[in-house]
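Visitor: Need coordinates for the following:
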Amino acid sequence: MSQLDDHPTVKQFYKGGGANSPAGSLIKKESAWLRQLCLDAGADDVGFVEVNRPEISDQKDEILSVFPPARTLISFACRMNRENIRTPARSVANLEFHHTTDEVNEVARNIVQKMEAEGIRAMNGGAAGFPMEADLWGGKMWILSHKPIAVAAGIGQMGIHRNVIHPKFGNFILLGTVLIDTELETYSQPIDYNPCLSCKLCVAACPTGAIGADGHFDFSACYTHNYREFMGGFTDWVGKIVESKTVKDYRKKMSDAETVSMWQSLSFGANYKAAYCIAVCPAGEDVISPFLTHRKEFVGSVLKPLQEKSETIYVVPGSDAEEYALKRFPNKKVKTVAKGLSGQTSIGGFLRGLPLVFQRGRAKGLEATYHWTFTGREERKATVIIRNQEIQIEEGHQGAADIQVTVESDTWLRLLRKETHIVWALIRRKLRIRGSPKLLLAFGRCFPS
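Guide: Presented below is the predicted three-dimensional model:
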């Protein structure tokens, strides 16, 4: 140890009184000081949430798994330029999304840098914009969810379109989060009203019917179209290349414009196909004026161009979105593609994803309780209840089953990826059912792929 004590770095540490400096977690900082620091770092608004806040309790374990000393979550927002998002020109809108996303990540990095200079341990809570833990594909690919944290921090409230609406800036914001090891003297609270006007313009603008007028949200419809050139859509595109025997065969599946668009996404950042729900939202003090004062002109200049735009809408065959798009937007081309959430690699991912891909329109009239038993590599029991066009997932076998399904887990995952056939699985007794086979077929219709 004498050699260590003689090291210049160690000597400098003791010379500076480092041994007597309190760790960040042992002191409390003023929230006003931290707020100004975050604004100076480039944030347009900021709020603070303690790691033990009940609203984010479902995220606590994962937060602590990536940053064990976390005591406080800094939630912040950066504004987007509204007209850039509203235009039907996707290139302009996507540039705005990409640049603001970069800005959010840069602000988070600036805050972390300033925290370190203050002797406070800090970490960027996760990339803005989209899940980036790619090795977890098929499962939960993100470290934390920025939106619930932003709501708890008083940045805004969730609108009917599932975007956070800031009381002043509206939904033209992107969110970031920074984790620090220090407690604050005071914390932020959620705002006491929802800026969402329930005007339903987002419902009218959505090309896939993902946003229901009754508040229902079809995640699969949104993900399949808007994120066509992101993760799942990209793997589907690769699959189309691989399965094509010739260039001519490939061009039957993908137009040249689609291929070029994919090149654009790979070169300059993935293209959002719509995000029209954000474009038309009139909520927010800085945003609402043209909607209140010239509503007809607002609808005509913002909503109509998006509705009337000639474009391709991507939907899963047999989905609620396909039926909606064909009926509601005859001026647009509707193209069926593989479900962007295909390729599950675990039973846990399959069960977690069921509510996200559930098609309530296809579940009309179905009232059944399914007991699932997965055997083999991933043993698990689960109950799936479909009733009143709603789905409920429970661990274990609960209540009386209308049908019991026992399946070897790897076989089920191959069935989902269409790598084997259900008849083969039944003959080999990899899949066994007790109850009416019609119920299993009805189950499949609720989750088209």
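
Visitor: and the most centrally placed residue in the chain, what does it touch?
Guide: With distances taken as Cα atoms, centre = their mean, the residue of the chain nearest its centroid is Phe130 (6.5 Å). Neighbouring residues of Phe130 by Cβ atoms under 8 Å, 6 or more residues apart in numbering: 230, 270. In short, each C-beta sits where N, CA and C put it, glycine included.

Visitor: mind checking the SS state of it?
Guide: Of the three states, Phe130 takes coil under DSSP: H, G, I helix; E, B strand; the rest coil.

Visitor: how far away is Tyr250 from Val242?
Guide: Taking Cβ to Cβ, to the nearest Å as the measure, Tyr250 falls 10 Å from Val242.

Visitor: Which of those two has more residues huddled nearby?
Guide: Tyr250 (15 against 8; other Cβ atoms under 10 Å).

Visitor: is it true that the more buried one touches Glu243?
Guide: No - contact criterion Cβ atoms under 8 Å: Tyr250 and Glu243 do not qualify, at 9.0 Å.

Visitor: Can you list phi and psi of Leu416 for me?
Guide: phi -60, psi -40 (degrees, to the nearest 10).

Visitor: what's the neighbour count on the residue lying closest to it once chain neighbours are set aside?
Guide: Spatial nearest neighbour of Leu416, excluding adjacent residues (Cβ to Cβ, 6 or more residues apart in numbering): Gln344 at 5.5 Å. Neighbourhood size, Gln344 [other Cβ under 10 Å]: 19.

Visitor: just Tyr324 next, same as before
Guide: Count around Tyr324 with other Cβ under 10 Å applied: 22.

Visitor: Check which residues of the helix or strand where it lies are buried.
Guide: In the assignment (DSSP states H and E), Tyr324 maps to helix 320-328. Neighbour-count burial for helix 320-328 flags 320-325, 328 (criterion: 16 or more other Cβ atoms under 10 Å).

Visitor: same question, stretch 360-369
Guide: For stretch 360-369, burial by neighbour count (16+ other Cβ under 10 Å) applies to 360-363, 366, 368-369.

Visitor: Ok, stretch 409-427 next?
Guide: Result for stretch 409-427 [16+ other Cβ under 10 Å]: buried residues 409-416, 420, 422, 425.

Visitor: Flag whichever of these scores worst on pLDDT.
Guide: Lowest pLDDT within the buried residues of stretch 409-427 is found at Leu416 (88).

Visitor: That one and Gly284: what is the separation?
Guide: Taking Cβ to Cβ, one finds Leu416 at 41 Å from Gly284.

Visitor: need the helices for the stretch 151-300 of the chain, in chain order.
Guide: 201-205, 219-226, 231-243, 247-253, 256-268, 276-280, 289-293, 295-298 (DSSP state H, counting those that start in this stretch).

Visitor: The helix or strand following the last one: how far from the chain's middle?
Guide: Following the chain from helix 295-298 toward its C-terminal end, the next helix or strand by DSSP H and E is helix 304-308. Mean-position distance between helix 304-308 and its chain equals 25 Å (Cα atoms, centre = their mean, to the nearest Å).

Visitor: What of stretch 384-395?
Guide: Worked out by Cα atoms, centre = their mean, stretch 384-395 lies 22 Å from the chain centre.

Visitor: repeat for stretch 354-363
Guide: Averaged C-alpha coordinates place stretch 354-363 at 17 Å from its chain's average position (Cα atoms, centre = their mean).

Visitor: what mean pLDDT does that stretch have?
Guide: Stretch 354-363 comes out at a mean pLDDT of 94.

Visitor: where's Tyr370, which helix or strand?
Guide: strand 368-375.

Visitor: partner strands of that strand, parallel or antiparallel?
Guide: With DSSP bridges as the test, strand 368-375 is paired with strand 380-387 (antiparallel), strand 403-408 (parallel).

Visitor: Show me which residues of that strand are buried.
Guide: Neighbour-count burial for strand 368-375 [16+ other Cβ under 10 Å]: 368-372, 374-375.

Visitor: again, but for stretch 190-197
Guide: Buried residues in stretch 190-197 (16+ other Cβ under 10 Å): 190-191, 194-197.

Visitor: again with stretch 176-190
Guide: 176-184, 187-188, 190.

Visitor: first vs last residue of that stretch, how far apart are they?
Guide: 17 Å (Cα to Cα, to the nearest Å).

Visitor: For stretch 68-88, buried residues please.
Guide: So, applying 16+ other Cβ under 10 Å, buried residues of stretch 68-88: 69-80, 82, 84-88.

Visitor: any idea how far that stretch is from the chain center?
Guide: Here stretch 68-88 is found 14 Å from its chain centre; the criterion is Cα atoms, centre = their mean.

Visitor: Any idea how many residues pack against Lys29?
Guide: So Lys29, with other Cβ under 10 Å, has 19 neighbours.

Visitor: Quick check: it touching Glu185?
Guide: Yes - judged on Cβ under 8 Å, Lys29 makes contact with Glu185 at a distance of 7.2 Å.

Visitor: gap between the closest residue to Gln389 other than its chain neighbours and Phe447?
Guide: Leaving aside its chain neighbours, Gln389 sits nearest to Arg360 (4.0 Å; criterion: Cβ to Cβ, 6+ apart). Distance, Arg360 to Phe447, by Cβ to Cβ: 11 Å.

Visitor: Also His7?
Guide: Applying Cβ to Cβ to His7 and Phe447 gives a distance of 62 Å.

Visitor: More neighbours: the two, which one.
Guide: The residue with more neighbours, out of His7 and Phe447, is Phe447; 23 against 10, by other Cβ under 10 Å.

Visitor: Could you look up the SS state of that one?
Guide: coil.

Visitor: how many other residues sit next to the residue nearest to it when sequence neighbours are not counted?
Guide: Nearest-residue entry for Phe447: Val357, 5.2 Å, with adjacent residues in sequence omitted and distances by Cβ to Cβ, 6+ apart. Using other Cβ under 10 Å, Val357 has 24 neighbouring residues.

Visitor: Would you mind measuring from Val357 to Phe350?
Guide: On the measure of Cβ to Cβ, Val357 and Phe350 end up 10 Å apart.

Visitor: Which of the helices of the stretch 151-300 of the chain sits closest to Lys60?
Guide: Closest to Lys60 of the helices of the stretch 151-300 of the chain, according to Cβ to Cβ: helix 219-226, at 23.8 Å.

Visitor: What are the contacting residues of the closest one?
Guide: Residues contacting helix 219-226 (Cβ under 8 Å, 6+ apart): 206-211, 232-233, 272-275, 313-316, 319-321, 324, 337, 339-341, 356-359.
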